[in-house]
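In: Provided below for reference: sequence and predicted model.
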Amino acid sequence: MRGLDEHRAAALALAAPLPPVLVPLLEAVGQVLAQDVTTDGPLPRWDNSAMDGYAVRAADVAAATPDGPVVLRVVGDVAAGSDDAPVVAPGTAVRIMTGAPVPPGADAVVPVELTSPRTGGQDAGDHAWATSGADVEVRAAVTAGQHVRGTGEDAAAGEVVLRAGDLVGPAHVAAAASVGRATLVVHRRPRIAVVSTGDELVAPGTALRRGQIPDSNSWLLAAAVQAAGADALRLGPVGDDPAALRRLLHELDGGDHGTVDGIVTSGGVSAGAFDVVKAALADEPGVELVPVAVQPGKPQGLGRLPSGTPVWTLPGNPVSAFASFEMFVRPAVRRMLGADPERPRVAAVADEGWRTPPGRAQLMPVRRVPAAGSGSGSEPGPAVRVRRATARGSGSHLVARLAVAEGLAVIPADVDEVRAGDTLEVFWT
Ligand SMILES: Nc1nc2c(c(=O)[nH]1)N[C@H]1C(S)=C(S)[C@@H](COP(=O)(O)OP(=O)(O)OC[C@H]3O[C@@H](n4cnc5c(N)ncnc54)[C@H](O)[C@@H]3O)O[C@H]1N2
Ligand code: MOO
């Protein structure tokens, strides 16, 4: 039997980052930048006000106090969006709104709350404004630069704000938009075909006769493809007819269903008399069908179809399909996206013990044990503790209970028993 890590490496080796494409901002979310993004000038683009108030010369109001206000003549307005630039000469002020460019001559802003109109008052709810041509009393001093957001404070002209390799999220699209970009260059999103196989499978919602079950794997795997950041083309279920399956796989490989960057199959790869995937791919020179020393997920296959499309053949048991996707397919999909292939692994303490299959690694669905109240909350929390997601452990048919799992514990092949208190390697799914 092939080792888990060896098969993981072979599965990942089938993938490479897809070529860069230019996409509108929102389409880039969840994808990985293929190019740095630099500013088109300094950010902020000009000195601007952080407050609604008056643009002043700080020196003019240096002596202002609540009991000894300084009086300035209001000589103009600058609203956000205005390109007016009234000059603030000594003894004058300009009304300015948050975000508006600081007018020439001014070097600070006094918030409206620290002022009162002496003449020409305009009541704006909580605050009264002195209008243009009137006088305003300033009741507090400000220092030069106060309440001014300086040019280039956020980023300098030509500075890299987003890097190739960054996973695009809301803050990335905000940064891109703020430097004037309506598009981003990302690695193309992979499109992965998912084919479930088995004569017993019917679409969910269809009436079942004895022996039939709803196809859950094509939904599981398509959802997993999407959750990994790729597009899924869900096909099947395909019955236990090797010729029909071979035809479909070759159509996918040949581009008859549009671009397909990979194919994932479920079922039909073990020792059964009607194992359709095994039969369909037995003579395919680029594909190997191998048992892997892991439970669940022993019968595996992978390789390339004649036109080069990678294929991963996963076992049909639903928990096996889930765990196999996590181990062998998700890393490849992430690499195609240009992202880090692996989920981070964390150390967790086993809250209970269980037996594990001798000579095979185990992928145990686990859930967190809620931490007992740890007092003030300021000390570092206790280690994460996990239990098996269900009392039946890693049984590969336990699809209804799989949603209880929050992650998988990876127990190495040379461990035959987990004891309560052991430290385990876990990743969250
Ligand atoms: N004699 C042996 N029998 C089996 C072995 C073995 O080594 N020797 N391996 C077992 C292991 S381990 C696994 S895992 C399964 C894998 O079998 P297949 O990949 O060939 O899958 P199927 O036989 O098609 O199905 C297995 C099981 O899963 C159900 N299934 C399949 N597809 C779906 C689907 N799309 N949605 C929901 N459920 C699905 C299917 O009905 C079966 O119950 O083989 C063991 N046997
Ligand atoms: O490998 Mo199978 O997945 O143990 O049930």
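Out: Perfect, thanks for sending it. Numbering: from 1, shown residues only. Ligands and ions are numbered 1, 2, ... in the order given.
In: relative to ligand 2, how far out is residue 136?
Out: Using CB to the nearest ligand atom, to the nearest Å, one gets 77 Å for the distance from residue 136 to ligand 2. Placement of C-beta: from N, CA and C, glycine included.
In: correction: residue 185
Out: Counting by CB to the nearest ligand atom - residue 185 and ligand 2 are separated by 40 Å.
In: contacting residues around that residue?
Out: Listed by CB atoms under 8 Å, 6 or more residues apart in numbering, the contact set of residue 185 reads 20-22, 33-35.
In: now with 7 Å?
Out: Applying CB atoms under 7 Å, 6 or more residues apart in numbering, we find residue 185 in contact with 20, 22, 33-35.
In: so what does it have for phi and psi?
Out: Backbone torsions for residue 185, taken as degrees, to the nearest 10, come to phi -100, psi 110.
In: phi and psi next, for the closest residue to it other than its chain neighbours.
Out: Once flanking residues are discounted, residue 185 sits nearest to residue 35: 4.1 Å by CB to CB, 6 or more residues apart in numbering. Residue 35 adopts backbone torsions of phi -150, psi 150, taken as degrees, to the nearest 10.
In: just the closest residue of the stretch 101-250 of the chain to ligand 2, please.
Out: Ligand 2 sits closest to residue 217 of the stretch 101-250 of the chain, with a gap of 12.2 Å, by CB to the nearest ligand atom.
In: what are the phi and psi values at that residue?
Out: Torsion angles at residue 217 (phi, psi; degrees, to the nearest 10) stand at phi -70, psi -40.
In: could you check how far it is from ligand 1?
Out: Noted for residue 217: a distance of 3 Å to ligand 1, by CB to the nearest ligand atom.
In: do the same with residue 319
Out: 9 Å.
In: could you look up the SS state of the closest residue to that residue other than its chain neighbours?
Out: Closest residue in space to residue 319, ignoring its immediate chain neighbours: residue 396 at 4.4 Å, by CB to CB, 6+ apart. When classified by DSSP: H, G, I helix; E, B strand; the rest coil, residue 396 comes out as coil.
In: and the next element down the chain from the helix or strand of the chain with the lowest mean pLDDT?
Out: Ranked by mean pLDDT, DSSP states H and E, the weakest helix or strand in the chain is strand 121-124, scoring a mean of 73. Using DSSP states H and E, the helix or strand that follows strand 121-124 towards the C-terminus is strand 127-130.
In: biggest helix in the chain by residues?
Out: helix 242-254 (DSSP state H).
In: list the contacts of that helix.
Out: Everything outside helix 242-254 that qualifies as a contact, by CB under 7 Å, 6+ apart, is 193, 195, 197, 235, 238, 257, 260, 263, 276-277, 279-280, 305-307, 309.
In: looking at the residues you listed, which are in strands?
Out: Taking DSSP state E, the ones among these that sit in strands are 193, 195, 197, 235, 238, 263.
In: are any of those residues buried, and if so which?
Out: Buried members of those, scored by 16 or more other CB atoms under 10 Å, are 193, 195, 197, 235, 238, 263.
In: enumerate the positions of stretch 230-244 that are buried.
Out: Neighbour counts over stretch 230-244 (16+ other CB under 10 Å) mark 230-238, 240-242 as buried.
In: show me the helices in the protein, by range?
Out: 4-12, 170-178, 217-227, 242-254, 276-281, 318-324, 330-337.
In: touching ligand 1 at all, the shortest one?
Out: No. No part of helix 276-281 sits close enough to ligand 1 to count as contact by CB under 6 Å from any ligand atom; the gap is at least 7.3 Å.
In: elements contacting that helix?
Out: Using 3 or more CB pairs under 7 Å, 6 or more residues apart in numbering; DSSP states H and E as the contact criterion, the elements in contact with helix 276-281 are helix 242-254, strand 287-291.
In: the closest residue to ligand 2 within the stretch 1-150 of the chain and ligand 1: what is the separation?
Out: At 10.8 Å from ligand 2, residue 1 is the closest residue in the stretch 1-150 of the chain, using CB to the nearest ligand atom. According to CB to the nearest ligand atom, residue 1 and ligand 1 sit 10 Å apart.
In: same deal with residue 67?
Out: 80 Å.
In: picking up where we left off before, among the ones in strands among the contacts of helix 242-254, which are in reach of ligand 1?
Out: Counting by CB under 6 Å from any ligand atom, no member of the ones in strands among the contacts of helix 242-254 is near ligand 1.
In: just flag the most distant two among these.
Out: 193 and 197 (12.7 Å; CB to CB).
In: list the contacts of residue 168.
Out: Per CB under 7 Å, 6+ apart, neighbours of residue 168: 28-31, 33, 184, 186.
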